[in-house]
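Undergrad: What follows is a protein structure lacking sequence information:
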């Protein structure tokens, strides 16, 4: 793994996920990698502590069921996810899956609806319902995040609890260069939205650990059933992600061929450029 | 100084790697290829990335005449790799600029040959022309190609045989091809070896045994060579690991990351929108008052048209007229148009009939694809009035070539007035002629044709205006939805509104041009010699962003942010228009 000489402030001084809390339960230590450097995570006293290879403690917080650390000096808290605190939600660590791809490629895949009929056939989409209808995208200056709203897509089996095909409405947030949160109509609770968050741990420029948080309105399905559903979806995405060339995301919009359905990805690439994110991307020249 | 290997031809696959409907992943100089055979036998060697998001096409599906990407279902055409269909936007035809990179290839001696930037034709090796060579198992080696070529020089010894002649280069195939010969059991045997450099320090040995091998000895022969090549591989890999020779490493080619660099024949021309010089190779009468022109390019290749497309023909008297192409899917070396002499001609048809001669030089635009076949569709009904048959003839040929169900009804004054009788005859029973009908009888005949309607049926009409109106009205009476009725120059309702007309002034070029409804700013500017670079031509990539000095743009792109839109300081002229009667651009 080749390590860049220096990380930009956008990566260095941000919080990065390193482990689900589930993995450090009962005195277990997690040995993992962040930006190419080894990091250990363990519970010390009541709180989680991340340490470098030389044993030095790093800034550490616990949010939304995961341990977050930083290789620099983070200012302020992690992005807000108020739904996590709603009392009637099931918050569940869905899975941690290693993927040989850059974090930004994985975010773009998470934001993308057009692949549902082809990659998640019979679950999140099916032919001939392939059209991606127009939706709204904005980059919120106040919250510094990309927001896509009014994303409609026909899904044969939108969630583990779904009984039949429905037109699902999605909202996507990208509140962090390597994290995204989606809100989708909950099949069991009209008017409420299930939350699925993807937190990517940049192990290297071209390798991630993808942590999936589920925050659902569902008191029927078992944990195993919910996890199984999400892991099936992710297992369908993984071979596609690992066959993207190049693995890093090109930020020059002319390097690949965007279409109108890729509005959210177009905004995401421009937002990464503007923030000066350099890890896992091929910067635009000029 | 190393030789530029990008200019040389190398084998990249064996013919046997391309069974029916398979996609093979080839490799050369660090680049990956998607190699696949279409059902018509043609071999395609393409860059192994979908243009959209870079997913390998070698994990895609070979549909027989198209390659379909696994990620978003984009389909690319056999031959020129143009994108035919983007499922996320099923109502819109993909931009003509969306075309994958195609590498030249040839199938020869049981191998598929390709080159990245060839400077010469693929090698012809006389000794292999006459023989039926026996292909050895390709042997991958994790060592630089030049090292492996050196190791092959002592191939006879590795086989345990006595060399007849020193191993020598096979001249037209370059430095990475060797011919070895040896004597075994008194017989002289020989083989040609081609070393394919897959990456800087990796290659594949592809051997062809020259001369006949008796059926009974084939297995034993192949085994002996396989053992010799395996031993050679092990030695070469061990030697390279022991003393890696940096100078022996092959220089790799880079993944091209810009879609505007395209090596596809005709692709650049289509993308630039520039007029193409053509020669009138043939002019002939195809019906009463109708002549056809066969237009061949003076140099290079023509951008392939979609069935139903038209071109702008620049005539000797300075007029520009639009004519539909009658080309079928396999007719790529010339455009064929037909022109009817109009009594009220404003000079266009008269110029074609009276002034244009065989051998004349004219100019045509790249094809415009406004009138297109619906994808899928169980039944296609083509209704032609006289000379209006031209785009429908192209569609009928395309439908026939892909085995789809269609019927072409040609309404004409008499058989004398039915153009392209020969071509139509070739389409057999799918073509029906209706001659000498008055307007009422024509309408009734159309009603009878359209009486049965299935959900997946489409109607296409081209002809004189009264006939189009009658056909549209009869279709509506028969319960056909608007979306199933297509007629020339009126596409489906699109998300993009191009119905406005306005004026664009260019501050730096000091010219003002009128932008009519139905045409984009970049299109019209190109005609006036002002070329704005474009890529996606649908307002998604931002390549064409232009500063607005005055006026209020009607933003229709998906690239600009809300703030950029609100500022009215820039726009994407490939798709956006104007809310004010006049726009001033910094061009």
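TA: All right, it came through fine. Not measured: the values here are computed from a predicted model. Numbering: from 1, shown residues only, chains lettered A, B, ... in the order given.
Undergrad: For chain A, what is the nearest residue in chain B?
TA: residue B:87 (3.5 Å; Cβ to the nearest Cβ). For the C-beta atoms, the positions are set from N, CA and C on the backbone; glycine is no exception.
Undergrad: Unless I misread the structure, that residue falls within a strand.
TA: No. Assigned with DSSP: H, G, I helix; E, B strand; the rest coil, residue B:87 falls outside any strand and is coil.
Undergrad: Spell out which residues sit in contact with it, please.
TA: A:114, A:117-118, A:127, A:130-131, B:72-74 (Cβ atoms under 8 Å, 6 or more residues apart in numbering or on different chains).
Undergrad: one more time with 6 Å, if that's ok
TA: Contacts of residue B:87 were listed using Cβ atoms under 6 Å, 6 or more residues apart in numbering or on different chains, and they are A:130, B:73.
Undergrad: cool, and the one 5 residues further on?
TA: Taking Cβ under 6 Å, 6+ apart as the definition of contact, residue B:92 has no neighbours.
Undergrad: so which strand or helix has residue 195?
TA: As the question left the chain open, I've gone with chain A. strand A:193-204 (DSSP states H and E).
Undergrad: wrong chain, I was asking about chain B
TA: strand B:187-199.
Undergrad: Show me what secondary structure element comes after that strand.
TA: Past strand B:187-199, the next helix or strand by DSSP H and E is strand B:202-210.
Undergrad: how would you label the spatially most central residue of chain B: helix, strand or coil?
TA: Geometric centre of chain B, nearest residue: residue B:80, 2.3 Å, by Cα atoms, centre = their mean. The three-state label given to residue B:80 by three-state DSSP is coil.
Undergrad: Please apply the same query to residue B:486.
TA: On the basis of three-state DSSP, residue B:486 is classed as strand.
Undergrad: Report the beta-bridge partners for the closest residue to it other than its chain neighbours.
TA: Excluding its sequence neighbours, the residue lying closest to residue B:486 (Cβ to Cβ, 6 or more residues apart in numbering or on different chains) is residue B:460, at 4.8 Å. Beta bridges link residue B:460 to residue B:382, residue B:486, judged by DSSP bridges.
Undergrad: So residue B:460 sits against residue B:381, correct?
TA: No. With contact defined as Cβ atoms under 6 Å, residue B:460 does not reach residue B:381; the gap is 7.2 Å.
Undergrad: shaky segments in the stretch 151-300 of chain B?
TA: B:256-274 (pLDDT under 70).
Undergrad: Run through the residues that contact residue 237.
TA: Chain wasn't specified; assuming chain A. residue A:109.
Undergrad: Not quite, go with chain B.
TA: B:142-143.
Undergrad: from the middle of its chain, how far away would the helix or strand harbouring it be?
TA: Residue B:237 is part of helix B:218-242 when elements are defined by DSSP H and E. Centroid separation for helix B:218-242 versus its chain: 41 Å, with Cα atoms, centre = their mean, to the nearest Å.
Undergrad: Flag every residue of chain B that's near chain A.
TA: B:49, B:51-52, B:54-56, B:59, B:71-73, B:87-88, B:90, B:98, B:257-259, B:535, B:538, B:540-543, B:558-559, B:562 (Cβ under 6 Å from any Cβ of the partner chain).
Undergrad: Please spell out the ChimeraX selection for the buried subset of those residues.
TA: Entered in ChimeraX, the line below selects the buried ones among these, by 16 or more other Cβ atoms under 10 Å in any protein chain shown:
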select /B:49,51,52,54,55,56,59,71,72,73,87,88,90,98,257,259,535,538,540,541,542,543,558,559
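Undergrad: How is the residue nearest to residue B:423 when sequence neighbours are not counted assigned, secondary-structure-wise?
TA: Once flanking residues are discounted, residue B:423 sits nearest to residue B:393: 6.0 Å by Cβ to Cβ, 6+ apart. At residue B:393 the chain is in helix, as set by three-state DSSP.
Undergrad: Am I right that residue B:393 is in contact with residue B:326?
TA: Yes. When contacts are counted by Cβ under 6 Å, residue B:393 is listed as touching residue B:326 (4.7 Å).
Undergrad: Of the two, give the one with the bigger neighbour count.
TA: Ranked by neighbour count (other Cβ atoms under 10 Å in any protein chain shown), residue B:393 and residue B:326 place residue B:393 first, with 30 against 26.
Undergrad: residues in contact with the more buried one?
TA: Residue B:393 neighbours (Cβ under 6 Å, 6+ apart): B:326, B:420, B:423.
Undergrad: Try it again at 10 Å.
TA: B:307-308, B:324-328, B:336, B:338, B:382, B:384, B:408, B:410, B:419-420, B:423-424, B:427, B:431, B:462 (Cβ atoms under 10 Å, 6 or more residues apart in numbering or on different chains).
Undergrad: Give me the subset of those lying in helices.
TA: B:423-424 (DSSP state H).
Undergrad: Break chain A into its domains for me.
TA: Annotated domains of chain A cover A:1-78, A:88-282 [automatic domain parsing].
Undergrad: ok, for residue B:312, nearest residue in space, not its chain neighbours?
TA: residue B:365 (4.0 Å).
Undergrad: I meant residue B:66, not that one.
TA: residue B:75 (4.5 Å).
Undergrad: That neighbour contacts residue B:83, doesn't it?
TA: Yes. Look at residue B:75 against residue B:83 with Cβ atoms under 10 Å: they come within range, at 7.0 Å.
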